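A.B. asks: Structure of the sequence below:
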Amino acid sequence: MSTVTYQPGEADQRPWGDWRVLSAEPGCVVKRIRVNPGARLSLQRHTHRSEHWIIVVGEGAATLNEATIPLSPGSTVFIPAGGIHRIANTGAADLIFIEVQTGAVLSEDDIERLQDDFSRA
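C.D. replies: This next block holds a predicted model:
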């Protein structure tokens, strides 16, 4: 059984940008995420879900475990459950990507922040 707490159309402002849920169903959530220039998300991991990022607009860098991956439109990154990861906008304009979450628990409760620029860790 899968737990999904997101709703289609749900959105949230964050200190680094914002996100909007495009689709949500058992086992799969799709979000559009915008990261402000110079901002980055927390260094984090998830126990119950994996993520696949598809870069739509902008330039950035993904951290996945010990690797740093340069990002540009069309780039993709797969983050397995348990993978330590973050994304940063290294460009002068917004970074926009699509995030596809898959797994048994798809909620904000499955975020373990390991380091955060906004004191949320």
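A.B. asks: Near the residue lying closest to Ala11 once chain neighbours are set aside, how many other residues are there?
C.D. replies: Ranked by Cβ to Cβ, 6 or more residues apart in numbering and with sequence neighbours excluded, the top spatial neighbour of Ala11 is Arg20, at 4.2 Å. Every residue, glycine included, has its C-beta placed from N, CA and C. Using other Cβ atoms under 10 Å, the number of residues around Arg20 comes to 14.
A.B. asks: Now do the same contact list for Arg20.
C.D. replies: Contact analysis of Arg20 by Cβ atoms under 8 Å, 6 or more residues apart in numbering lists 9-11, 31-32.
A.B. asks: which element is it on?
C.D. replies: Arg20 belongs to strand 17-25 when assigned by DSSP states H and E.
A.B. asks: can you list contacts of the very next helix or strand once past that strand?
C.D. replies: Reading on from strand 17-25 to the C-terminus, the next helix or strand found by DSSP H and E is strand 28-35. For strand 28-35, contacts defined as Cβ under 8 Å, 6+ apart pick out 4, 6, 16-24, 41, 58, 60, 87-89, 94-102, 106.
A.B. asks: Weed out the non-buried ones from those.
C.D. replies: Burial by neighbour count, 16 or more other Cβ atoms under 10 Å: within those this picks out 4, 6, 16-17, 19, 21-22, 24, 41, 58, 60, 87-89, 94-97, 99-101, 106.
A.B. asks: Quick one: mark the members of these that sit in strands.
C.D. replies: 4, 17, 19, 21-22, 24, 60, 87-89, 95-97, 99-101, 106 (DSSP state E).
A.B. asks: re earlier: out of the contacts of Arg20, who's nearest Glu112?
C.D. replies: Looking at these and their distance to Glu112, the nearest is Lys31, at 18.3 Å (Cβ to Cβ).
A.B. asks: Nearest to the spatial middle of the protein, which residue is it?
C.D. replies: Centroid-nearest residue in the chain: Glu99, 5.9 Å away (criterion: Cα atoms, centre = their mean).
A.B. asks: Pull up the per-residue confidence for the closest residue to that one other than its chain neighbours.
C.D. replies: Of all residues not flanking Glu99 in the chain, Lys31 sits nearest, at 4.6 Å (Cβ to Cβ, 6+ apart). Here the pLDDT value assigned to Lys31 is 98.
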